[in-house]
Structure formats: structure tokens, C-alpha cells
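Asker: prediction below, plus the sequence it came from.
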There are 2 protein chains.
Amino acid sequence: METVYEVKGMTCGHCVGSVTQEITALPGVQNVAVVLETGKVTVTSETPLTEDAVREAVDEAGYELVGTSE
Amino acid sequence: METVYEVKGMTCGHCVGSVTQEITALPGVQNVAVVLETGKVTVTSETPLTEDAVREAVDEAGYELVGTSE
């Protein structure tokens, strides 16, 4: 399943890397695709993720989860 | 000796880290201090550095050396 999140505060490729790394480390996550310009983060996972888990991962990377986008 | 350079394109702490790391790796460099907001990079070194060497390090990090600032 695929969920699109919106993340605030990413400004460069390093930020994208940090967010990708933290979310990828969540159990069940298969792929993470970030579009820097829009802050949209598309997460593909085997099982549903809780928004809290994704929020914590984004927070860990140093950014803010605004919510789901689609 | 201390030289202040101006670097273009840094947008976040990760960028600062990359530039700091690359310039620190140059021979003779003792300290690197970056102010993200202004792009000013103060380099302390035992011996004079060529601007070409610093430009190459900044380029390696993915940014652009505008020139010396002071």
C-alpha cells in the first residue's frame, strides 16, 4: 500500500536523505520517494503504518509531518 | 591565519556539515566556522591556502565558492 505524507522544512538533498533514511527504517516499509519541491513523501509499505510512527520518524530526522496528503 | 570565504547555495545544517567536512580535510586547516545565514565560511589554517584548493573542496561538497569576503 502507498500513502502520501506532507513534510515541512526540507530544503536540500541532505534533508531528503535524512527523511528517507528514518522512514525507511520503520518496520514494513518497502520504498520511500520524496519530492523536495512539494514536501510530498510517498511511502510504500507491506502493512499500514500509523501516522504516529511516521511522525516520529520525520521528527527524528529533524522535520515536521503536516499530515497525509492523499 | 584566518580567511573568510563566501559560499553560495547552503540551505541547512546538513549543507554546513558537508562544506565544513570538505574544507577541514584540506592540509593545514585547523578550524572551519560556517554561518549558514550569510554563507560566510571562516577558515583557520597553519599555512596559506590557495583559493583554488578551497574552491575545489566547496565544489566537492556541492556548493559554489563566490570568493574571499574579507
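Answerer: That came through fine. This is a predicted model, so every value here is computed, not measured.
Asker: is it correct that A:G28 is in contact with A:E46?
Answerer: Yes - in this structure, A:G28 sits in contact with A:E46. The criterion is C-beta atoms under 8 Å, and the distance is 4.6 Å. Bear in mind the C-beta positions are built from the backbone N, C-alpha and C, glycine included.
Asker: which one's more surrounded, the two?
Answerer: In terms of neighbours (other C-beta atoms under 10 Å in any protein chain shown), A:G28 is the more surrounded of A:G28 and A:E46; the figures are 13 against 10.
Asker: check contacts around that one.
Answerer: Taking C-beta atoms under 8 Å, 6 or more residues apart in numbering or on different chains, we find A:G28 in contact with A:S45, A:E46, A:T47, A:L49.
Asker: same thing but 6 Å
Answerer: When the contact criterion is C-beta atoms under 6 Å, 6 or more residues apart in numbering or on different chains, the partners of A:G28 are A:S45, A:E46, A:T47.
Asker: got the residues of chain A near chain B?
Answerer: If contact is defined as C-beta under 6 Å from any C-beta of the partner chain, the residues of chain A in contact with chain B are A:T11, A:C12, A:H14, A:C15.
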